[in-house]
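**Q** Quick one: sequence and predicted model below, then my questions.
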Amino acid sequence: METVVSGIRPTGFLHLGNYFGALRNFIKMQNEANCFFFIADYHSLTTHPKASELNMHIKNVLVDYLASGLDPEKSTLYVQSDLPETAELYLLFNMLAYMGELQRVSSFKEKVRRHPDNVNAGLLTYPVLQAADILIHNADKVPVGKDQEQHLEMTRDFAQRFNHTYEIEYFKLPVAYNFGNELVKIPGLDGSTKMSKSDNEASCVYLSDDPETVRKKVMKAVTDSGPTEPNQEKPQAIENIFQLMKAVSAPETLQFFEEQYNLCQIRYGDMKKQLAVDMIAFTAPIYEKILELRSNDDYLRKVAKQGAEKARESAVKTVREVREIIGLRSL
């Protein structure tokens, strides 16, 4: 059985983009592979969150994982910082990483551009920590989006560099698991091409949003004055509304509004009302499960503890063998 590893940073609640872009496929994979899904709290420290907020966000992501359908009996669900072996492997891989290659990483250059007052070493070595996350379990596959493909390629580079340096084929070279046509990109309600809480929280529909909040957000979605000629190409904001409807509504509903648009008879208010109804119906089972889990701290602690114990079985073995290969043996 192949090993799959992936994680999500605890920077708030998970949204529909996270669900369609990651969680829905995680749920399928837990029945087909040996899966490790973690909450990447070490990674979130690059932005210096308040301790109380970070702790709350970790809990929220675990709740969203479980409410969406991840099963702790099928997958290993754990908090990244509960695995100290990851930090040790991160340190060891830093000895194999070069400043030049880290400075050329696209996401690092973008962070420097957007946040010039917070260019910390953690941002620079972010791909090294990601490599440690993946290789601590010697993963075969990693579910990634387009924005993470460069980081996965660097993980392969570090694995290959370790193998070459110590003349042993120890680490596998993990490959991307991108699901092909099954990978759905969910756009924002603000007209942006990607639903992202870091850019605009109002553009996101969170899995934990109550029905009235979902309705209000959808009704405020960006639209225009409507098409002026039949079969007119849709602007980005309008294409977003149709993409969202494609994700949560019945095919015949989508077809109806497509026809209305192409005939220049579309009423965006009616379309958004229907989208809100369908989105609320789609998220309702997850939302109800979230409410149930939030108050069950004993169960959440049990899941996190069980996940950490299972993850450490793999991690301890990897770090022990890596130390032996490098020559870090106790005298």
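**A** Arrived safely. Not measured: the values here are computed from a predicted model. Numbers count the residues shown, from 1 in each chain.
**Q** Just the mean pLDDT for the helix or strand containing Gln130, thanks.
**A** Using DSSP states H and E, Gln130 sits in helix 126-135. Mean pLDDT, helix 126-135: 96.
**Q** So which bits of it are buried?
**A** For helix 126-135, burial by neighbour count (16 or more other C-beta atoms under 10 Å) applies to Tyr126, Pro127, Val128, Leu129, Gln130, Ala131, Ala132, Asp133, Ile134, Leu135. In this view, the C-beta of every residue, glycine as well, is placed from N, C-alpha and C.
**Q** what do you get for stretch 152-169?
**A** Leu152, Met154, Thr155, Arg156, Asp157, Phe158, Ala159, Phe162, Asn163.
**Q** do the same with stretch 197-207
**A** Going by neighbour count (16+ other C-beta under 10 Å), the buried part of stretch 197-207 is Lys197, Ser203, Cys204, Val205, Tyr206, Leu207.
**Q** could I get those residues as CSV with distance to Ala176, secondary structure and pLDDT?
**A** Below are the buried residues of stretch 197-207 laid out as CSV (distance: C-beta to C-beta, whole Å; DSSP: H, G, I helix; E, B strand; the rest coil; pLDDT from 0 to 100):
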residue, distance to Ala176, secondary structure, pLDDT
Lys197, 24, coil, 70
Ser203, 27, helix, 83
Cys204, 25, coil, 92
Val205, 27, coil, 95
Tyr206, 27, strand, 95
Leu207, 25, coil, 96
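**Q** between these, which is nearest Leu275?
**A** Here the nearest of the buried residues of stretch 197-207 to Leu275, counting by C-beta to C-beta, is Val205; it sits at 10.1 Å.
**Q** Spit out the contact partners of that closest one.
**A** Residues counted as contacts of Val205 (C-beta atoms under 8 Å, 6 or more residues apart in numbering) are His15, Leu16, Leu189, Met195, Val214, Lys217, Val218, Met279, Thr283.
**Q** Run a quick neighbour tally on the last one.
**A** Just to be clear, that refers to Thr283. 23 (other C-beta atoms under 10 Å).
**Q** Which member of the buried residues of helix 126-135 is positioned nearest Arg114?
**A** Using C-beta to C-beta, Tyr126 comes nearest to Arg114 of those, at 14.4 Å.
**Q** one step back: between all of the buried residues of helix 126-135, which two are at the greatest distance?
**A** Pairwise over the buried residues of helix 126-135, using C-beta to C-beta, the maximum falls at Tyr126 and Leu135, 15.0 Å.
**Q** Show the average pLDDT along the lengthiest helix in the chain.
**A** In the chain, ranked by residue count with DSSP state H as the criterion, the top helix is helix 297-326. If you average the pLDDT over helix 297-326, you get 97.
**Q** Can you tell me how far Pro251 is from Thr86?
**A** 44 Å (C-beta to C-beta, to the nearest Å).
**Q** Which one of those two is surrounded by more residues?
**A** Higher neighbour count among Pro251 and Thr86: Thr86, with 24 against 9, using other C-beta under 10 Å.
**Q** Run through who's touching the helix or strand hosting the more buried one.
**A** If you go by DSSP H and E, Thr86 is part of helix 84-94. Outside helix 84-94, the residues that touch it by C-beta under 8 Å, 6+ apart are 42, 80, 125, 128-129, 131-133, 135-136, 158, 162, 312, 315-316, 318-319, 322, 326.
**Q** For the buried residues of stretch 152-169, give me CSV that also has distance to Gly69.
**A** Compiled in CSV, the buried residues of stretch 152-169 are given as follows (distance: C-beta to C-beta, whole Å):
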residue, distance to Gly69
Leu152, 25
Met154, 31
Thr155, 27
Arg156, 30
Asp157, 34
Phe158, 32
Ala159, 31
Phe162, 35
Asn163, 36
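**Q** just how off-centre is stretch 101-112 within its chain?
**A** 20 Å (C-alpha atoms, centre = their mean, to the nearest Å).
**Q** Repeat that for stretch 289-304.
**A** For stretch 289-304, the separation from the chain centroid amounts to 21 Å (computed by C-alpha atoms, centre = their mean).
**Q** For that stretch, which outside residues touch it?
**A** With C-beta under 8 Å, 6+ apart, stretch 289-304 has contacts from 59, 62-64, 66-67, 72, 77-79, 82, 207-208.
**Q** tell me which residues in that stretch are buried?
**A** Buried residues in stretch 289-304, counted by 16+ other C-beta under 10 Å: Lys289, Ile290, Leu293, Leu300, Val303, Ala304.
**Q** Let me know the closest of the residues you listed to Ile168.
**A** Taking C-beta to C-beta as the measure, Ala304 is the one of the buried residues of stretch 289-304 closest to Ile168, at 34.1 Å.
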